[in-house]
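> Everything below, folded, please.
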Amino acid sequence: MEIDQKKTHSLPLGYILWLFGFTGSHRFYYGKTWTGILYFFTFGLLGVGWLFDFFSIPRMEREARTKYTDGLYCYSVAWVLLTFFGILGIHRMYLGKWITGILWFFTGGFFLLGYLYDFLNLNEIVSERNILN
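Below is the predicted model:
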């Protein structure tokens with residue numbers, strides 16, 4: 001049996017984000033964009049999906065490990081920076097995207113639209129940066 005040593009997403013961070021699961025944040029983190037949006041607008045499927053996900057997070061982590069590219073940039077760091085400092089563009093600067101990071105800094109995450117875009121696409125952005133480096 002081959003064990004996948006690639007470490008892209010963190011199980012503990014997934015559970016921390018699950019605490020805010022009614023926003024879909026743990027689903028966005030693991031690359032489940034469409035169900036993340038659904039959870040965001042339905043408060044975690046009125047709490048039922050949120051409770052179900054407590055048991056599904058290990059599976060979501062394994063799926064994310066196979067889907068995304070490991071490398072220089074850490075997904076967990078990028079997600080924490082986006083979650084808490086996203087409108088300041090700190091996550092973009094961390095990923096070496098200095099021009100848009102500075103733009104986010106002076107425009108409040110490009111008037112929140114860029115922040116929303118990054119929330120929906122951060123896993124792909126990190127994976128792309130890891131492929132380039």
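
> Would you mind listing the residues in contact with the residue nearest to the spatial centre of the chain?
Residue closest to the average C-alpha location in the chain (Cα atoms, centre = their mean): residue 29, at 3.1 Å. Contact partners of residue 29, counting by Cβ atoms under 8 Å, 6 or more residues apart in numbering, are 9, 13-14, 17, 75, 79, 123. C-beta here means a position set from N, CA and C on the backbone, and glycine is covered the same way.

> If we use 6 Å, what do you get?
17, 79 (Cβ atoms under 6 Å, 6 or more residues apart in numbering).

> in the protein, which spans are strands?
For the chain, applying DSSP state E gives no strands.

> Domain boundaries for it, per the record?
11-67, 75-132 (automatic domain parsing).

> how near is residue 45 to residue 24?
10 Å (Cβ to Cβ, to the nearest Å).

> higher neighbour count, these two?
residue 24 (28 against 18; other Cβ atoms under 10 Å).

> Is residue 22 in contact with residue 41, as I believe?
No: Residue 22 sits out of contact with residue 41 when judged by Cβ atoms under 6 Å, with a separation of 10.5 Å.

> quick one, which of those two is more surrounded?
Ranked by neighbour count (other Cβ under 10 Å), residue 22 and residue 41 place residue 22 first, with 17 against 10.

> do you know how far the more buried one is from residue 40?
8 Å.

> Which phi and psi values does residue 97 adopt?
phi -100, psi 70 (degrees, to the nearest 10).

> Count the neighbours of it for me.
17.

> Next one: it from residue 21, what distance?
28 Å.

> Tabulate the domains of the chain (JSON lines), appending mean pLDDT.
Shown next, in JSON lines, are those (pLDDT from 0 to 100):
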{"stretch": "domain 11-67", "mean pLDDT": "93"}
{"stretch": "domain 75-132", "mean pLDDT": "95"}
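
> which residue sits closest to residue 35, ignoring its sequence neighbours?
The shortest distance from residue 35 to any non-neighbouring residue, by Cβ to Cβ, 6 or more residues apart in numbering, is to residue 27 (5.1 Å).
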